[in-house]
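Q: Next comes the sequence, and after it the predicted model I'd like to discuss.
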Amino acid sequence: MRLESRLSRRDGREGMRAREKKAASEGARIADQLRRAFYGSAWHGPALLELLEDVDAATAAAKPLPEVHNIWELVLHVAVWDDAALRRLDGKKWQPTGLANFPAVTKPSEAAWRRAVAAAKRTHDRLVKTVAALPDSRLGDRVPGKRYDFYHMLHGIAQHELYHAGQIAILKKAGARPGR
Ligand code: NI
């Protein structure tokens, strides 16, 4: 009996240590950065979804800067790259180009906009979950078809989300200009 309780105590301690180790894994740390870039609290300021909180379908589909993708297109594009990261982690060569890179917005409506944001969230959540569980040893593996490794790509995904989040912040300001 006593031995059994000692053993289960030890198992509990070891379980905790294993969990701590997992929480400190590089994958878990990158997953945290991805989560912050997308949902908040990011180091620099507003994350992607924080910027989208007050954006409706009309604002998302507007083109305040004619030569620049609109907010809706940027959200679809960010999801394309979260998905690309997942495919590559799955061992596939994947380089979205053309319409696969910047999908077209068809029939804008409030429901379609909500669906687009929800789909981007789902893809991002899948990526965060996958990256959090990634063994550190995989981070040094080369991305299929690329000269860089997964560590570089996954940090790049967080950078990419915030690069386009910054564009969305500018588009919101441009769209809110008086007289428009
Ligand atoms: Ni991009």
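A: It's in. Just so it is clear, the model here is predicted, and its values are computed rather than measured. Numbering: from 1, shown residues only.
Q: From here on, just use CA atoms for contacts and neighbour counts.
A: OK.
Q: What segments of the protein are strands?
A: In the chain, no strands are found when defined by DSSP state E.
Q: in it, which residue is closest to the centre?
A: Centroid-nearest residue in the chain: H124, 4.3 Å away (criterion: CA atoms, centre = their mean).
Q: From what I see, that residue and V78 are in contact.
A: No. Look at H124 against V78 with CA atoms under 8 Å: they stay out of range, at 9.1 Å.
Q: ok so, going back, identify the residues contacting the residue nearest to the centre of the chain.
A: F38, A79, D82, D83 (CA atoms under 8 Å, 6 or more residues apart in numbering).
Q: Keep only those of these that are in helices.
A: Counted as lying in helices by DSSP state H, out of the contacts of H124, are F38, A79, D82, D83.
Q: Identify the residues contacting stretch 66-76?
A: Here stretch 66-76 has contacts from 57, 59-64, 102-105, 113, 116-117, 120, 164, 168, 171, using CA under 8 Å, 6+ apart.
Q: and those residues, which are buried?
A: 57, 59-64, 102-103, 113, 116-117, 120, 164, 168, 171 (16 or more other CA atoms under 10 Å).
Q: Restricted to helices, list those residues.
A: Short answer: the buried ones among the contacts of stretch 66-76 in helices (DSSP H) are A57, T59, A60, A61, W113, A116, V117, A120, H164, I168, L171.
Q: Pull up the gap between S25 and M153, please.
A: 17 Å (CA to CA, to the nearest Å).
Q: same thing with P96?
A: 15 Å.
Q: So these two - more neighbours on which side?
A: Neighbour totals were compared for P96 and M153, and M153 leads with 19 against 13 (other CA atoms under 10 Å).
Q: pLDDT value on that one, please?
A: Note on M153: pLDDT of 98.
Q: Tell me where this protein is predicted with low confidence.
A: 1-24, 177-180 (pLDDT under 70).
Q: any chance you could map the helices in it?
A: 2-23, 26-39, 48-52, 57-61, 71-89, 98-101, 110-132, 136-139, 150-175.
Q: Could you check how many residues crowd around the closest residue in space to G27 that isn't next to it in sequence?
A: Computed as CA to CA, 6 or more residues apart in numbering, the closest residue to G27 that is not its neighbour in sequence is A132, at 4.9 Å. Counted by other CA under 10 Å, the residues lying close to A132 total 22.
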